[in-house]
Structures are given as structure tokens and as C-alpha cells.
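Chemist: fold the stuff below for me.
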Amino acid sequence: MEKQTTIYLVDDHKLLRDTLRMFLESKANIRVVGEAGNGADAVAEVLYLQPDLVLMDISLPDFDGVEATARIIKGLPNIKVIAVTMHPEQLYLLKFLEAGGMGYLHKSAADRDLLKAIEQVQRGEVFLSTDGVQVIAGQYRVQSSIPSAVPQKEISPEVLSYRERQVLGLLSHGYSSREIGEILFLSASTVETYKRRISEKLKLFKKADLVEYTIRHKIFEDM
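Modeler: Next up, the predicted model:
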């Protein structure tokens with residue numbers, strides 16, 4: 001029997017929590033173990049229940065979902081957190097990723113992408129919906145137009161082979177290792193080897209940093 005993924009819901013709108021719970025509990029491999037409408041209750045209950053994954057809204061009545069995510073991950077470093085939110089602003093998204101979040105999903109796309117996001121994040125891969133990737137891309141387009149007083153040294157993408165650039169570009173689009181393998185006719189384990197090699201060459205070991213690097217160097221735009 002397939003192991004169930006245990007999920008905790010955090011959103012200050014009960015109607016949305018009820019809708020998500022109904023949708024998720026219709027899936028045999030998912031069990032919703034609890035829910036909260038504010039950050040404090042969410043942190044306390046998640047640390048106690050220790051679910052596999054948290055679906056986190058960013059706007060909460062006490063402290064925001066970014067802070068709640070940081071507190072949860074501090075206590076449970078291996079837990080996965082996905083933001084399901086109406087806030088695509090770069091400030092929220094980037095801070096959420098920095099706090100340790102593994103996925104970003106706009107509420108309008110939840111019915112289409114939620115299960116894919118859960119599966120991908122459970123495999124240890126970052127999931128960003130299309131508007132999330134666009135937010136990060138927009139940030140670097142703005143930053144690139146502002147001269148920096150202190151030039152920062154960064155490893156050139158020229159150190160990557162063509163195949164590594166392909167893998168990195170697809171990764172930034174939110175594809176999983178299995179999906180990248182299917183597109184490039186590679187095994188998932190070979191894709192994982194490419195990802196490790198890319199991280200070692202670029203000295204970037206966080207998935208969010210790899211996505212940002214990809215967009216900054218327009219590898220993303222070439223795919």
C-alpha cells in the first residue's frame with residue numbers, strides 16, 4: 001500500500017481550507033492531519049503533529065506565512081512547505097524561499113497545479129508556478145538596469161556544458177528530474193548527476209539560488 005502524504009493546511013479563510021481539505025482528501029495517497037487560520041496556531045500544531053508537508057498562505061492575521069515557515073523549518077528542518085497564496089510580489093516570494101519554502105503556487109492555479117507541486121516538493125525539488133518564475137525574472141531585469149557600486153564575482157555559465165545548461169533551464173521552469181529525463185531522453189538518476197555537477201561548478205547548492213542564477217544569465221529565456 002502506498003504511503004500517505006500527511007498535510008497541514010494554513011489559511012485565514014475557512015472556506016478555502018474546507019475546499020482544499022475536500023479536494024485533498026479525495027486522493028487516496030493524501031491525508032490532511034490539521035489546519036489553522038493563523039501563524040501561531042500553525043507553528044505550534046505543525047511542530048506537534050510533524051506532517052510531511054504544509055500548505056501555507058502568506059497573509060495571516062498575526063504574523064505572516066514567511067515567518068511561520070521559518071519557525072516551522074527551524075524546528076523541523078526536513079519538513080516541506082508550499083506557499084499557496086494570492087501574493088506574487090517578489091518581496092514575499094523571495095523571502096519565502098529564503099526561509100526554506102520549497103514551492104510557490106498562486107491560488108488561482110491550485111486546482112491545476114497543486115498535486116504536481118506536492119509530488120515534486122515531496123521529491124525534494126523546488127516548485128514555482130509560472131507567475132512565480134516571472135516574479136524572479138522581473139527582479140533581475142530591474143537589478144540588471146542598476147549599476148552596482150561593488151561588482152560581485154560570479155562563475156560564468158560558460159563553465160557548463162550544453163547538456164548541463166539544458167538541465168538547468170528546464171529545472172528553472174519547474175520540471176522534475178523525471179520530467180527532465182523524459183524530455184532529454186535521460187534517466188532520472190542521470191539528471192540528478194547533472195544537477196549535482198551543476199551545483200559543484202557554480203558553487204550554488206540551494207535550488208532557489210540555481211533558479212535565480214538561471215534567470216539572471218538568461219539560460220531560462222533560452223529554453
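Chemist: count the neighbours of Glu200 for me.
Modeler: Per other Cβ atoms under 10 Å, the neighbour tally for Glu200 reads 10. The C-beta positions use only the backbone N, C-alpha and C, and glycine is treated the same way.
Chemist: sorry, slip of the keys, the one I care about is Asn38.
Modeler: Neighbour number of Asn38 under other Cβ under 10 Å is 15.
Chemist: so it makes contact with Pro61?
Modeler: Yes. Counting by Cβ atoms under 8 Å, a contact exists between Asn38 and Pro61, whose distance comes to 5.2 Å.
Chemist: who touches both of these two?
Modeler: The overlap between the contact sets of Asn38 and Pro61 (Cβ atoms under 8 Å, 6 or more residues apart in numbering) consists of Asp12.
Chemist: got the contact list for Lys195?
Modeler: Contacts for Lys195 were tallied using Cβ under 8 Å, 6+ apart; they are 167, 171, 177.
Chemist: who wins on neighbours among those residues?
Modeler: Going by other Cβ under 10 Å, Val167 tops the contacts of Lys195 with 28 neighbours.
Chemist: just say helix, strand or coil for that one.
Modeler: Taken by DSSP: H, G, I helix; E, B strand; the rest coil, the conformation at Val167 corresponds to helix.
Chemist: now it, nearest residue through space, not along the chain?
Modeler: Excluding the flanking residues, the one nearest Val167 by Cβ to Cβ, 6 or more residues apart in numbering is Tyr194, at 4.5 Å.
Chemist: and Gly39, by the same measure?
Modeler: Distances taken as Cβ to Cβ, 6+ apart place Ala68 nearest to Gly39, at 4.0 Å, with adjacent residues excluded.
Chemist: give me every residue that touches the one you found.
Modeler: By Cβ under 8 Å, 6+ apart, the residues touching Ala68 are 10, 39, 42-43, 56, 60.
Chemist: hey, C-alpha coordinates of the helix or strand it falls within in PDB?
Modeler: Here Ala68 sits within helix 65-75, counting by DSSP states H and E. As requested, C-alpha coordinates have been extracted for helix 65-75 and formatted as PDB (Å, rounded to 0.1, in the frame of the first residue of the first chain):
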ATOM      1  CA  GLY A  65       3.400  32.900   6.400                       C
ATOM      2  CA  VAL A  66       7.100  33.600   5.800                       C
ATOM      3  CA  GLU A  67       7.800  34.000   9.500                       C
ATOM      4  CA  ALA A  68       5.600  30.900  10.200                       C
ATOM      5  CA  THR A  69       7.600  28.900   7.600                       C
ATOM      6  CA  ALA A  70      10.900  30.000   9.100                       C
ATOM      7  CA  ARG A  71       9.800  28.900  12.600                       C
ATOM      8  CA  ILE A  72       8.500  25.600  11.400                       C
ATOM      9  CA  ILE A  73      11.600  24.700   9.500                       C
ATOM     10  CA  LYS A  74      13.800  25.800  12.400                       C
ATOM     11  CA  GLY A  75      12.000  23.100  14.500                       C
END
